[in-house]
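Trainee: sequence first, predicted model second:
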Amino acid sequence: MTQKPIPYGCQHITEEDIEAVNAALRSDYLTQGPQIKEFEDKFADYIGCNYAVAVANGTAALHLSAMALTVKPGDKVIVTPLTFVASANCVRYCGGEVVFADIDPATYLLDIDAVKKMLEASPKGTYQGIIPVDFAGRAVNLEEFRKLADEYGLWILEDACHAPGGYFIDSNNDKQFCGNGKYADLAIFSFHPVKHIACGEGGMITTNDEDLYNKLLLYRTHGITKGSPAFPYTNSIEFATGGYKDESEYPGWYMEMQDLGYNYRLTDFQAALGISQLKRADKGLERRHEIAQNYNKAFEGKSYILGQSGDVEGNAYHLYVVEVKDRLNLYNYLRKNNIFAQIHYIPAHLMPYYRNLGYKEGDLPSVETYYKHCLSLPMFPTLTEEEQMYVINKIDEFYAK
């Protein structure tokens, strides 16, 4: 076999990216420098929100968001089971209770009707928030979820890791881009290598809420702040400042740990890579749409296709998912032919950790049926037409046998 391995996803690093990182490494700052704010500002402009906070990874983004939304022990949060487990785990980090609601089998997104039934079946105040996921790049209609959330006094944390540049069409026929802050209180993104924008690791939190933004800045860096107008005067402050009572006279070293935070910072050289990658984000998105269209045409009318990502306006196509017959044998056949398709995801409620909290097979039938058949095919901007045709031909070849 001469075909080189074809992964389901792959980063695209250019010479411009390498030069950007090299320049950051040669600068005075490896971390906590000017590249961070530049990346945040440019990402906020790209998404269309007011504020962005760069962090160490997508999981850190979820954790800090849950903290900023004041998730506490006993709080119940509704989460989709079709996601990487971090989307649910952030609630557990804060001591909250994860309550999974099933997916809509037509979209693979959190089923708003299932969520509505769950809310209607309990007294108001039972649940505190909702975490929908823009799975595979398809945008959740957050306008609909916002109306429901407002009725029950819930916050919304949008997991948009799969969908920078993705959007849905609202009731005014306007494009609402994922993470723009119009309907969700907070949104998070990931810069893992297989994502649209790669920083090696890294994440971003976006919002239009200034109070949440300031909380995130505090929690990102140990809960420590400098030069805050919120510094209270106490005897301990007078000691720590060397005897100064007037904030305007506090010495340069003075800082305060005002809350319990974490070291979830992004480095400057990662931010430099992110800034460089952001320049060609639209081009990468365009190529993903071309690949999706090729898959759509190739699989049209095929009896072995039970469901697929399809042609959806606003889909950012992080993944191209098909539901197929005999998934296990197809998966193994593709691997033998150097095609490394992937499964996204084992339903989160069936992971041993969540089973131990009471979940079992049969609880969420739509996502469980999806899982039996799903397969993510190669989808990344540098996938060549020849490689894609090889993938399609091998799938046809398997079913022809």
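Mentor: Alright, I've got the coordinates. Numbering: from 1, shown residues only.
Trainee: give the contact list for the residue most central in space within the chain.
Mentor: Residue closest to the average C-alpha location in the chain (CA atoms, centre = their mean): residue 161, at 2.1 Å. The contact partners of residue 161, by CB atoms under 8 Å, 6 or more residues apart in numbering, come to 58, 84, 133, 134, 188, 189, 190, 192, 195, 318. Every residue, glycine included, has its C-beta placed from N, CA and C.
Trainee: ok, so of those residues, who is nearest residue 350?
Mentor: Of all the contacts of residue 161, residue 84 has the smallest distance to residue 350: 13.8 Å, by CB to CB.
Trainee: surely that closest one touches residue 343?
Mentor: No - using CB atoms under 8 Å, residue 84 is not in contact with residue 343, being 11.8 Å away.
Trainee: higher neighbour count, these two?
Mentor: Legend: neighbour count by other CB atoms under 10 Å for residue 84 and residue 343, higher for residue 84 (21 against 14).
Trainee: skipping adjacent residues, who's closest to the more buried one in space?
Mentor: residue 345 (6.1 Å; CB to CB, 6 or more residues apart in numbering).
Trainee: likewise residue 146?
Mentor: residue 183 is the one closest to residue 146 (CB to CB, 6+ apart), at 4.1 Å.
Trainee: any chance of the backbone angles for residue 175?
Mentor: phi -80, psi 130 (degrees, to the nearest 10).
Trainee: pLDDT on the top helix by length along the chain, on average?
Mentor: Counting residues, the longest helix found in the chain (DSSP state H) is helix 281-299. Mean pLDDT, helix 281-299: 98.
Trainee: elements contacting that helix?
Mentor: Here helix 281-299 is seen to pack against strand 305-308, strand 320-324, helix 385-400 when contacts are counted using 3 or more CB pairs under 8 Å, 6 or more residues apart in numbering; DSSP states H and E.
Trainee: dump those into CSV; add mean pLDDT, mean neighbour count and distance to residue 100 as well.
Mentor: Formatted as CSV, those follow (pLDDT from 0 to 100; neighbours: other CB atoms under 10 Å; distance: least, CB to CB, whole Å):
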stretch, mean pLDDT, mean neighbour count, distance to residue 100
strand 305-308, 95, 18, 21
strand 320-324, 98, 24, 19
helix 385-400, 97, 15, 31
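Trainee: which one of those lies nearest to residue 358?
Mentor: Of all the helices and strands packed on helix 281-299, it is strand 320-324 that lies closest to residue 358, at 27.9 Å by CB to CB.
Trainee: what's the first helix or strand after that closest one?
Mentor: Using DSSP states H and E, the helix or strand that follows strand 320-324 towards the C-terminus is helix 327-336.
Trainee: send the alpha carbons of that next one over as PDB?
Mentor: Taking Å, rounded to 0.1, in the frame of the first residue of the first chain, the C-alpha atoms of helix 327-336 are listed here in PDB:
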ATOM      1  CA  ARG A 327     -19.800   0.700  11.200                       C
ATOM      2  CA  LEU A 328     -17.200  -1.400  13.000                       C
ATOM      3  CA  ASN A 329     -16.100  -3.400   9.900                       C
ATOM      4  CA  LEU A 330     -16.000  -0.200   7.800                       C
ATOM      5  CA  TYR A 331     -13.900   1.500  10.400                       C
ATOM      6  CA  ASN A 332     -11.400  -1.400  10.400                       C
ATOM      7  CA  TYR A 333     -11.400  -1.600   6.600                       C
ATOM      8  CA  LEU A 334     -10.500   2.100   6.300                       C
ATOM      9  CA  ARG A 335      -7.700   1.800   8.800                       C
ATOM     10  CA  LYS A 336      -6.200  -1.100   6.900                       C
END
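Trainee: quick one: distance of that helix to the chain centre.
Mentor: 28 Å (CA atoms, centre = their mean, to the nearest Å).
Trainee: do the same with stretch 390-401
Mentor: For stretch 390-401 - counting by CA atoms, centre = their mean - the centre lies 32 Å from the chain centre.
Trainee: what's next to it, contact-wise?
Mentor: 3, 6, 294-295, 298-299, 302, 304, 325, 329-330, 333-334, 337, 339, 377-378.
Trainee: which residues does the residue nearest to residue 84 contact?
Mentor: Residue 345 neighbours (CB under 8 Å, 6+ apart): 82, 83, 84, 371.
Trainee: the last one: helix or strand, and which one exactly?
Mentor: Read it as residue 371. Going by DSSP H and E, residue 371 is part of helix 365-373.
Trainee: which parts of the helix or strand that that helix is followed by are buried?
Mentor: Later in the chain than helix 365-373, the nearest helix or strand by DSSP H and E is strand 374-377. Neighbour counts over strand 374-377 (16 or more other CB atoms under 10 Å) mark 374, 375, 376, 377 as buried.
Trainee: does residue 33 touch residue 27 like I think?
Mentor: Yes - taking CB under 8 Å as the definition, residue 33 is a contact partner of residue 27 at 6.8 Å.
Trainee: between those two, which contacts overlap?
Mentor: With CB under 8 Å, 6+ apart, residue 33 and residue 27 have common neighbours residue 268.
Trainee: who's more crowded, these two?
Mentor: residue 33 (17 against 14).
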